[in-house]
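*Asks:* Need coordinates for the following:
(4 chains)
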Protein chains: 2
Amino acid sequence: MMDGMALSVETSVAHEAQKLFFEIGMAQRVKVGAALNELGLGFAQAHALRMLDPQEPRPMSALAERLFCDASNVTGIVDRLEKRGLVERRSAEGDRRVKALTLTPAGVELREEVMALMSEPPEAIASLSVSDQRALRDILARAVENL
Amino acid sequence: MMDGMALSVETSVAHEAQKLFFEIGMAQRVKVGAALNELGLGFAQAHALRMLDPQEPRPMSALAERLFCDASNVTGIVDRLEKRGLVERRSAEGDRRVKALTLTPAGVELREEVMALMSEPPEAIASLSVSDQRALRDILARAVENL
DNA sequence: ACCAAATACTTGAGCTTGTCAAATACCTAT
DNA sequence: ATAGGTATTTGACAAGCTCAAGTATTTGGT
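*Replies:* The predicted structure is shown next:
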């Protein structure tokens, strides 16, 4: 009985937090999506851009892993990025099967914009007091560590 | 100079928080997406289900608003839900242009599952201490109020 | 009452994103 | 040499999304 109640209290706090978390995330997704569309990018393309390293070329397969999706999906996403001159497929030295994805200067530049856009805090967070923001950051940092 | 620095400190805290927020949200999206697929639902369908009221039928247009998408998109989403017998289109009394969306018993039931699934806190949040969870919930509640 | 304009929804074209299965090209180890 | 494994592409298909145009119905002005 006591255990049951204690547990239900705990889960209810986490659930309440999750509902709020989800609501803020959803709103932000809509806002960011609109901004990305104005840059002519879908969410997946933007995410792919973020996952590429301006310094170090990565194979398609590495991108698929980071995007948590099928390799054949990456083909299409990279096609569109390449058509816009943001990315280049270079055959990797040593293994001609792998395509080393390289950001072009235009790609690097747009990537910066995307990064800025996506790390822009939503209204909800920006309007918190600085001490709340700090507390939030610290709690989320602990949360991420526990992954 | 001082103002500039103070500002940059503030934005950097919010930005750091946002990056963590985004990372947790992204991971959760993937996990929830997989669970929804096992129920045979896409994210949009699930979200639509959530936005319908088991008590009070709503017109398509109301759903479009809540989904932040075009009305013509809702047609397709509701088509799929209706084909599975989760929702019914009834002509509204008083205005035959309007379709009143009504959840069937199966729809109500599946909606419950979806709600439970989507408010299930991610690993990252669940593994926080109870006091962190409480603090998180309270901060997010303040954040949502500021919308 | 009549007709033009507004409203609710559907349809169709076209795009991106996603999956799966099969093909291609290349590498590696026996 | 060759059998099997790996990286990427292709093709078929479906969801999700937008825009423009179409249909049905209501509303409002005259």
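*Asks:* Nearest residue to the middle of chain A?
*Replies:* In chain A, the centroid-proximal residue (C-alpha atoms, centre = their mean) is residue A:47; its distance is 5.3 Å.
*Asks:* Check which helix or strand residue A:128 maps to.
*Replies:* For residue A:128, there is no host helix or strand (DSSP states H and E).
*Asks:* Spell out the residue ranges of the strands in chain A.
*Replies:* Remark: strands assigned in chain A by DSSP state E are A:58-59, A:87-91, A:99-103.
*Asks:* Next to DNA strand C, which bits of chain A? Give me the list.
*Replies:* A:41-45, A:67-70, A:72-73, A:76-77, A:80, A:94-97 (C-beta under 7 Å from any atom of the strand). Yep, even glycine has a C-beta here, placed from its N, CA and C like the rest.
*Asks:* Check these for burial and list the buried ones.
*Replies:* For the residues of chain A next to DNA strand C, a burial check counting by 16 or more other C-beta atoms under 10 Å in any protein chain shown picks out A:41, A:44-45, A:67, A:69, A:77, A:80.
*Asks:* follow-up on the earlier one: okay, the strands of chain A, which one's buried deepest?
*Replies:* Of all the strands of chain A, strand A:99-103 carries the top mean neighbour count, a mean of 20, counting by mean count of other C-beta atoms under 10 Å in any protein chain shown.
*Asks:* give me the number of residues near residue A:84?
*Replies:* 15 (other C-beta atoms under 10 Å in any protein chain shown).
*Asks:* So what does the residue nearest to it when sequence neighbours are not counted look like in phi/psi?
*Replies:* Spatially, and ignoring its direct neighbours in sequence, residue A:84 is nearest to residue A:40 (7.4 Å; C-beta to C-beta, 6 or more residues apart in numbering or on different chains). When read as degrees, to the nearest 10, the backbone of residue A:40 gives phi 80, psi 20.
*Asks:* quick one: residue A:40 and chain B, what's the gap?
*Replies:* Note on residue A:40: its distance to chain B, by C-beta to the nearest C-beta, to the nearest Å, is 19 Å.
*Asks:* So that residue is in contact with residue A:85, correct?
*Replies:* No. Counting by C-beta atoms under 8 Å, residue A:40 does not reach residue A:85; the two are 12.0 Å apart.
*Asks:* pretty sure residue A:77 contacts residue A:49?
*Replies:* No. Assessed by C-beta under 8 Å, residue A:77 is found out of contact with residue A:49, at 9.6 Å.
*Asks:* What mean pLDDT does stretch A:94-112 get?
*Replies:* Averaging pLDDT along stretch A:94-112 gives 97.
*Asks:* count of neighbours near residue A:112?
*Replies:* Using other C-beta under 10 Å, the number of residues around residue A:112 comes to 12.
*Asks:* lowest-confidence helix or strand of chain A?
*Replies:* helix A:2-38 (a mean of 84; mean pLDDT, DSSP states H and E).
*Asks:* Between which two of the buried ones among the residues of chain A next to DNA strand C is the distance greatest?
*Replies:* A:41 and A:69 (16.5 Å; C-beta to C-beta).
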